[in-house]
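S.K.: Sequence plus the predicted model coming up.
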Amino acid sequence: MTEDQAYIDRVVDRLDRAQLEVRDTPSIEGDPELGADLDLDTAYRIQERLIDRRVQRGETVVGVKLGFTSRAKMAQMGVSDVIVGRITDAMAIADGGETDLARYIHPKAEPEVAYRLARDVDLDDPDVDIVDCVDAIAPAIEIIDSRYRDFRFTYADVVADNTSAAGFAIGTWQPVREAADLAVRLRVGEEEATGSTAAILDDPVNALHALLDMCRRRRIPLRAGHIVLAGAATAALPLGEQTAACAVDGLGTVHLTGVRR
Ligand code: OOG
Ligand code: MG
């Protein structure tokens, strides 16, 4: 891990500007000058600094997200371990609401399952039961928008880029229930992706266990009220001026519409 603050600031500047200016940027790890210093520890520190900047601009962290919890996603992106990122209130889209496509570089929609934390999770308590800390479940759509050109990134790249987090919509919260093998359907315009919640680490509840493990290792706080996006159940579909609708059997539906104003 590099202790070089100037290095971290440089990468943070580059990714922050890419998001604010809605302009893609090449891979950091592929950069002849910056690439060698981007290990995973440094990537998580970069992600944390990026979030600090958003908070300084007035945003509030409202939860966390897991990525690459499904084999379809791992295969689509060519990686093999889960990642964790942060979501803020500025990324929230109302169920049935519109999202301005001018905010995104090349958005894609993913069908997800969301959990809600009823209380703070004590990362230092070895006996903590994260499932016990969850009080609600809902269908969700995540909008990912990698800041990297053509979604081409390495594992450390995507961690530094806050795991491509850009937007999310949550359906109706309901009491937490078993969700191991529910059919999932995502429609975006004429395109459709179908799968099962079993694609999410065999059962989305396993995403909660993976999350706790990652948050302990990376010291990422889990607070009462936080939303947890468990990860996509299918590959992502590009979002244009269209409605994206996600249905999860037994959990209901959620939709949003991409618009150009
Ligand atoms: C990274 C984000 C992956 C998921 O649900 O697997 C993710 C990306 O594919 O750009 O959010
Ligand atoms: Mg996702």
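M.R.: Received, thanks. Since the structure is predicted, the reported quantities are computational estimates derived from the model, not experimental observations. Ligands and ions are numbered 1, 2, ... in the order given.

S.K.: Show the contacting residues for the residue of the stretch 1-150 of the chain found nearest ligand 1.
M.R.: Scanning the stretch 1-150 of the chain for proximity to ligand 1 using Cβ to the nearest ligand atom identifies Gly67 as nearest, at 3.1 Å. Where you see a C-beta, it was placed from the backbone N, CA and C, and this is true even at glycine. For Gly67, the contacting residues are 73, 82-85, 158, 163-164, 231-232, taking Cβ atoms under 8 Å, 6 or more residues apart in numbering as the criterion.

S.K.: in the helix or strand of the chain with the lowest mean pLDDT, what counts as buried?
M.R.: Using mean pLDDT, DSSP states H and E, the weakest-scoring helix or strand in the chain turns out to be helix 71-77, at a mean of 79. Buried positions in helix 71-77, judged by neighbour count with 16 or more other Cβ atoms under 10 Å: 72-73, 76-77.

S.K.: tell me the pLDDT at Val113?
M.R.: Val113 is assigned a predicted lDDT (pLDDT) of 98.

S.K.: Is any residue of the least confident helix or strand of the chain near ligand 2?
M.R.: No: in terms of Cβ under 5 Å from the ion, no part of helix 71-77 sits within range of ligand 2; the closest distance is 7.4 Å.

S.K.: which residue ranges form the strands in the stretch 51-200 of the chain?
M.R.: Assigned strands in the stretch 51-200 of the chain, in chain order: 61-67, 83-88, 92-93, 98-100, 108-117, 134-144, 165-170, 174-175, 183-188, 191-196 (criterion: DSSP state E, counting those that start in this stretch).

S.K.: looking at the ones you listed, which is closest to Arg260?
M.R.: strand 98-100 (7.5 Å; Cβ to Cβ).

S.K.: Against which helices or strands is that closest one packed?
M.R.: For strand 98-100, the helices and strands in contact under the criterion 3 or more Cβ pairs under 8 Å, 6 or more residues apart in numbering; DSSP states H and E are strand 252-259.

S.K.: got the contact list for stretch 188-205?
M.R.: Contact partners of stretch 188-205, identified using Cβ under 8 Å, 6+ apart, comprise 69-72, 82, 109, 111, 113, 115, 131, 178-186, 206-207, 210, 230-235, 237-240, 242-245, 248.

S.K.: By neighbours, which of the contacts of Gly67 wins?
M.R.: The most crowded member of those, judged by other Cβ atoms under 10 Å, is Ala232 (32 neighbours).

S.K.: I figured that residue hits Val113, correct?
M.R.: No: judged on Cβ atoms under 8 Å, Ala232 makes no contact with Val113 at a distance of 9.6 Å.

S.K.: what pairs with the residue in the stretch 101-250 of the chain positioned nearest to ligand 2 across the strands?
M.R.: Distances from the stretch 101-250 of the chain to ligand 2, computed as Cβ to the ion, single out Glu142 as the nearest residue at 4.0 Å. Going by DSSP bridges, Glu142 is paired in beta bridges with Glu110, Phe168.

S.K.: List the contacts of it.
M.R.: Contacts here follow Cβ under 8 Å, 6+ apart; on that basis Glu142 touches 65, 109-110, 112, 165, 167-168, 229, 232.

S.K.: Could I get the pLDDT score of Thr2?
M.R.: Taking Thr2 on its own, its pLDDT is 61.

S.K.: The least confident helix or strand of the chain near ligand 1 at all?
M.R.: Yes: looking at helix 71-77 against ligand 1 by Cβ under 6 Å from any ligand atom, the contacts come from 73, 77.

S.K.: Return the residues of the stretch 101-250 of the chain in contact with ligand 2.
M.R.: By the criterion of Cβ under 5 Å from the ion, the positions of the stretch 101-250 of the chain lying close to ligand 2 are 110, 142, 232.

S.K.: picking that back up, tell me the most buried of the strands of the stretch 51-200 of the chain?
M.R.: strand 108-117 (a mean of 26; mean count of other Cβ atoms under 10 Å).
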